[in-house]
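# okay, predicted coordinates and the sequence, questions at the end:
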Amino acid sequence: MIDRKKIYNSAVPVLLGVFLFISNFLTTNIFDFGSNNFTVWFVLSVICFACGWYINKTLGWQLGGKVIFSVIIAATLLGIIAITFFRDYFAAGELLTENLILYSLRNITLGAMAFFGMAIVEILTKQRDYLILQERLKTYEDTVKDAKKEAELELREAKVKAQKLLQDAEISTKNIKLRKELLEIELKEFIQIEKELIKKYEESD
């Protein structure tokens, strides 16, 4: 089964290369748009920008950058070969070297527009990721603050309970001491009474 996604992903770089190669034919003996040259260049720049945007979306920054760089090199080499063999159509004449440089700069300029499209996508993606991370960080900080408040409340409750237990223990200890003292007093009184009774009993005998 044919994977359409792979076809689209490979078709866009090919389309970019085609537009880079076609740019060599502008303002030549083959195609001359006259006063509309700027409009045509603007449209080509927008199309290259869109291709770079799509390539970054599908292939990513690193692989997409390598692909665009390869397309620029390939389109430039093909353009140099075409201009060299068909110099009469490209109005190269005697200034072949200078014209080759100018035509190569066309390809590089349009390729730079593709890189610009990639860069815009990357910046927007990083900005979106930054906002998401910032929101997550804020949520995490709020969660930490809430957890800290809960921990402080639980610690206060634990301190109050511990203090109450300590007070209850002190009260129980005091009560036990009082009972002990009362028992000792009662026991002493009982012993004293027993002694007096024994003494009376002995005197009566």
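In hand now; what should we look at?
# just give me the longest helix of the chain.
Among the segments of the chain that qualify as a helix by DSSP state H, the longest is helix 96-204.
# show me what it is packed up against.
Where contact means 3 or more CB pairs under 8 Å, 6 or more residues apart in numbering; DSSP states H and E, helix 96-204 is packed against helix 4-22, helix 37-59, helix 61-85. Glycine gets a C-beta too; all of them are placed from N, C-alpha and C.
# report how many residues lie close to the closest residue to Met118 other than its chain neighbours.
Computed as CB to CB, 6 or more residues apart in numbering, the closest residue to Met118 that is not its neighbour in sequence is Asn56, at 4.0 Å. Residues contacting Asn56 under the criterion other CB atoms under 10 Å number 24.
# let me see the contact set for Asn56.
The neighbours of Asn56, taking CB atoms under 8 Å, 6 or more residues apart in numbering as the test, are Gly64, Gly117, Met118, Val121, Glu122.
# and with 7 Å instead?
Neighbour list for Asn56: Gly64, Met118, Val121, Glu122 [criterion: CB atoms under 7 Å, 6 or more residues apart in numbering].
# what subset of the residues you listed is buried?
With neighbours counted using 16 or more other CB atoms under 10 Å, the contacts of Asn56 contain these buried positions: Gly64, Met118, Val121.
# my read: the second one touches Thr58, true?
No: counting by CB atoms under 7 Å, no contact exists between Met118 and Thr58, whose distance comes to 11.0 Å.
# just give me the neighbour total for Val46.
Summarising burial for Val46: neighbours were counted as other CB under 10 Å, giving 12.
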